[in-house]
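# Show me the folded form of this:
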Amino acid sequence: MTRQRAGSILSGISAAGFLGTALLHSTGYDSVTRLAEQAPAELRAMAPALWLVFSFDLVVLGLIVAVFAIRPSSVGRIVLVLAALCPLSAAVLQLRFFGFIPPTAILLAVGGLTLIAAAVLPRAASHRPGGSR
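Below you'll find the model as predicted:
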């Protein structure tokens, strides 16, 4: 199996991880909405909206990662590293504000797998004027 193929497979699994995490996260919407009813008026609408925005962001990133899994390109490694920043930064924020909770492990796994996929993909070919060495 080539590095390109292995990287594409790992990217596909990573994309599924983003989408699955988004789906799992969205199931908490009703709970967050109920909890937000006890919050100050300014937060009542904001908390549920932010909850859904995070799920939507994970879906968009999952679709972007899926595109690079299906159609690898020379910028795939960079895009995967940037995509990994979303779940990894969310995990760091969870650790900071809540301590370790089970969703933290999911976010760390998705971010870590995405970084591994980026590392496995072959580097882009060097484009030098006058040929390459």
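# and the helix or strand of the chain with the lowest mean pLDDT, how far out from the chain's middle?
Counting by mean pLDDT, DSSP states H and E, the weakest-scoring helix or strand in the chain turns out to be helix 41-44, with a mean of 86. Average the C-alpha atoms of helix 41-44, do the same for its chain, and the two points are 28 Å apart (C-alpha atoms, centre = their mean, to the nearest Å).
# residues making contact with that helix?
For helix 41-44, the external contacting residues (C-beta atoms under 8 Å, 6 or more residues apart in numbering) are 36-37. Bear in mind the C-beta positions are built from the backbone N, C-alpha and C, glycine included.
# Stretch 63-72 too?
Residues outside stretch 63-72 that contact it (C-beta under 8 Å, 6+ apart) are 4, 7-9, 11-12, 14-15, 18-19, 76, 79-80, 83, 114, 117, 121.
# try 10 Å this time
With C-beta atoms under 10 Å, 6 or more residues apart in numbering as the test, stretch 63-72 has contacts from 4-5, 7-19, 73, 75-80, 82-84, 110, 114, 117-118, 121-122.
# likewise stretch 16-25?
32, 51-52, 54-66, 69, 83-84, 86-87, 90, 103, 106-107, 109-114.
# gap between the spatially closest residue to residue 116 that is not a sequence neighbour and residue 16?
Computed as C-beta to C-beta, 6 or more residues apart in numbering, the closest residue to residue 116 that is not its neighbour in sequence is residue 10, at 6.1 Å. Going from residue 10 to residue 16 by C-beta to C-beta, to the nearest Å gives 11 Å.
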